Each structure stands twice: as structure tokens, then as C-alpha cells.
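Trainee: structure here, sequence nowhere to be found:
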């Protein structure tokens, strides 16, 4: 039982992501006003196969901006956009979040510094808890930690992807697991993904880079 929960915890369900966006698309042309500045007003997810070819792209408006702000479609305006690499064993996935106001900090992240923390009740949380610094050259953020909070929310912590070291080989352990969290120690080499070993049942262990 626990191994199934943990496997769901450290991998992204692409089907679930698709269902979430389909539901968002059916909410009508005038979504409710964004209740907090920390909530994105629009999401754009790009999914590519591991060989780099495009699979699909999904977009939805999650809420409307309070006048006079508006929810832009211009994803090139980096001051209003946060880009995140999502963990998946089958795809290279980038989630872009558009906000009603400028969200990018002025300060550039130092090496290994915690850049962004988001929380939520979904497997892919989107509410900003803290945004301490921005990545140089608008490098996308990479997940460094997932935590199940005592408030029943899921917390994701991100660092700049160019600050996350590459695992030395394909069989390296890429994440340390315990009962309530997954800590990603390095990004797997090209062609491999961070996976839980088959039959994993312990409350403490490691995930490894696998094909």
C-alpha cells in the first residue's frame, strides 16, 4: 500500500494532468476573479517525449485578474511568468504559470539557493508560498523537494535547473525518500528518469536513474 502511495507522490500522472486541464477548459469564458496574487491566472503545459518530439500542449485560464490587470497570453513576458520542469517517467514536461502582476524577484539566485516554494492540494501545486530569487537567463526551475505538510497540503521546492548537478551515471540514486518527503539530489542523465525501484515498500530509501 505504502509503495503505491510513494510512487504516486514522486511521479507526475500525465493522464491526471490532462483531466485537470480539460476540466479547466469547461469552466466557461469568464472564470472567477483570482482570490490571491499568489495564484496563477493561466497555465500552459508542454509535454514532449523523451526523444524531444512534441506530444501535446494544454492551456487553461484558471481565474480572471482584477481590473485593471489582465491575464496575458504573452508567454514571452518573463516578469509575469514562472516556468517549472515537472517530474515524469515518460515525458519532458514544462509548466508555465501566468500571473496578473509581475512576480519575478529582482535578485539573481546564488548557487543552490531555494528559489521558489509552491503549495496546494493537487499533485501539481500552484500557489506561491515564497519566491526568493530568479534564475539567470530565465532558466526554468527544477524540483528539489516534495513534502507532505501537516496542513494536508503538498509543498514543492524549486531551484534553478542549472544549479542542480547531473547524476554521475544512469544507475545513481537521484532522490532520497522518507515517509513524508522526496529530496532530489541530482538530475538524471539524458535518456533516464528518476524512478522508485520495483517492489519498494520501505518508508526510507532511494530512487534511481533508470531508462
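Mentor: It's in. This structure is a prediction, so every number in the text was calculated from the model and none was measured.
Trainee: which residues of this structure score low on pLDDT?
Mentor: 1-29, 199-203 (pLDDT under 70).
Trainee: helices of that one, residue ranges please.
Mentor: For the chain, the helices defined by DSSP state H cover 2-10, 14-25.
Trainee: correct me, but residue 89 touches residue 188?
Mentor: No. Counting by C-beta atoms under 8 Å, residue 89 sits too far from residue 188 to count as a contact (10.2 Å). Glycine gets a C-beta too; all of them are placed from N, C-alpha and C.
Trainee: need the overlap of contacts for these two.
Mentor: Here residue 89 and residue 188 have residue 194 as joint contacts, going by C-beta atoms under 8 Å, 6 or more residues apart in numbering.
Trainee: and these two? which has more neighbours close in?
Mentor: Using other C-beta atoms under 10 Å as the criterion, residue 89 and residue 188 rank with residue 188 on top: 22 against 17.
Trainee: centroid-nearest residue for the chain?
Mentor: residue 86 (4.2 Å; C-alpha atoms, centre = their mean).
Trainee: quick one, strands of this protein?
Mentor: 42-49, 54-61, 81-86, 91-98, 116-120, 127-131, 141-148, 154-160, 173-177, 181-184, 193-195, 205-210 (DSSP state E).
Trainee: and stretch 154-163, how far out from the chain's middle?
Mentor: 8 Å (C-alpha atoms, centre = their mean, to the nearest Å).
Trainee: next one: stretch 157-175
Mentor: Distance, centroid of stretch 157-175 to centroid of chain: 15 Å (C-alpha atoms, centre = their mean).
Trainee: start and end of that stretch, how far apart?
Mentor: 14 Å (C-alpha to C-alpha, to the nearest Å).
Trainee: ok, now stretch 184-195?
Mentor: 11 Å.
Trainee: go on, stretch 162-171?
Mentor: 21 Å.
Trainee: and for that stretch, what's in contact with it?
Mentor: By C-beta under 8 Å, 6+ apart, stretch 162-171 touches 109, 111-113, 135-136, 139, 142, 144, 173-174, 184-189, 191-192, 208-211.
Trainee: now do the buried residues in that stretch.
Mentor: Residues 163-164, 167, 170 are the ones in stretch 162-171 that count as buried (16 or more other C-beta atoms under 10 Å).
Trainee: is it possible to get CSV of those residues that adds distance to residue 55?
Mentor: Shown next, in CSV, are the buried residues of stretch 162-171 (distance: C-beta to C-beta, whole Å):
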residue, distance to residue 55
163, 27
164, 24
167, 24
170, 23
